[in-house]
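Enquirer: Fold the following and give me the result.
(one chain, ligands or ions: 1)
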Amino acid sequence: MARRPVAPVKPIGMELVFFYPCPYCRRELPLVSPPQPAMITCDVCRQSFPIVPVDEYSVQFVKLMLADGPAAIDADYL
Ligand SMILES: [Zn+2]
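Expert: Numbers count the residues shown, from 1 in each chain. This next block holds a predicted model:
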């Protein structure tokens, strides 16, 4: 059975990624909207450090503005 070409797929959801600089080696660690204070471990130098959480209402606001992704689609693909 021949495969039909698939139309480009649109996003149906989104997350916000925040970057936290490791205080030991300066690597910028990507985290998806951490809602709670936490200890994280750097994947480069293996040191742990505490992070400041993000306000989940701010994250919800941005997601709402972009309709959870679809409102950010490149206009050429609408
Ligand atoms: Zn590090």
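
Enquirer: For the closest residue to residue 33 other than its chain neighbours, what is the enclosing helix or strand?
Expert: Spatial nearest neighbour of residue 33, chain neighbours left out: residue 59 (4.7 Å); criterion: CB to CB, 6 or more residues apart in numbering. The way it works is simple: take the backbone N, C-alpha and C, and place the C-beta from them, glycine included. Of the helices and strands defined by DSSP states H and E, residue 59 is found in helix 56-65.

Enquirer: which residues of this protein fall in strands?
Expert: Applying DSSP state E to the chain gives strands spanning 17-21, 28-32, 38-41, 48-51.

Enquirer: Of the ones you listed, which is nearest residue 63?
Expert: With CB to CB as the measure, strand 28-32 is the member of the strands of the chain nearest residue 63 (11.8 Å).

Enquirer: What strands flank that closest one, and is each parallel or antiparallel?
Expert: strand 17-21 (antiparallel) (DSSP bridges).

Enquirer: List of residues touching the partner strand?
Expert: Applying CB atoms under 8 Å, 6 or more residues apart in numbering, the contact partners of strand 17-21 are 27-34, 40, 51, 54.

Enquirer: For that strand, what does the pLDDT average out to?
Expert: Averaged across strand 17-21, pLDDT comes to 98.

Enquirer: what is the orientation angle of it with helix 56-65?
Expert: 140 degrees (axes from the mean of the first three to the mean of the last three CA atoms, to 10 degrees).

Enquirer: Who is the most centrally placed residue in the chain paired with across the strands?
Expert: For the chain, the residue nearest the mean C-alpha position is residue 17 (2.8 Å; CA atoms, centre = their mean). Counting by DSSP bridges, residue 17 forms beta bridges with residue 32.

Enquirer: Can you redo the strands of the chain as JSON lines, where the extra columns are distance to residue 5?
Expert: Output for those, formatted as JSON lines (distance: least, CB to CB, whole Å):
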{"stretch": "strand 17-21", "distance to residue 5": "31"}
{"stretch": "strand 28-32", "distance to residue 5": "32"}
{"stretch": "strand 38-41", "distance to residue 5": "42"}
{"stretch": "strand 48-51", "distance to residue 5": "44"}
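
Enquirer: Kindly present those strands as CSV, with separate columns for distance to the ion.
Expert: Listed next are the strands of the chain as CSV, based on distance: least, CB to the ion, whole Å:
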stretch, distance to the ion
strand 17-21, 9
strand 28-32, 8
strand 38-41, 9
strand 48-51, 8
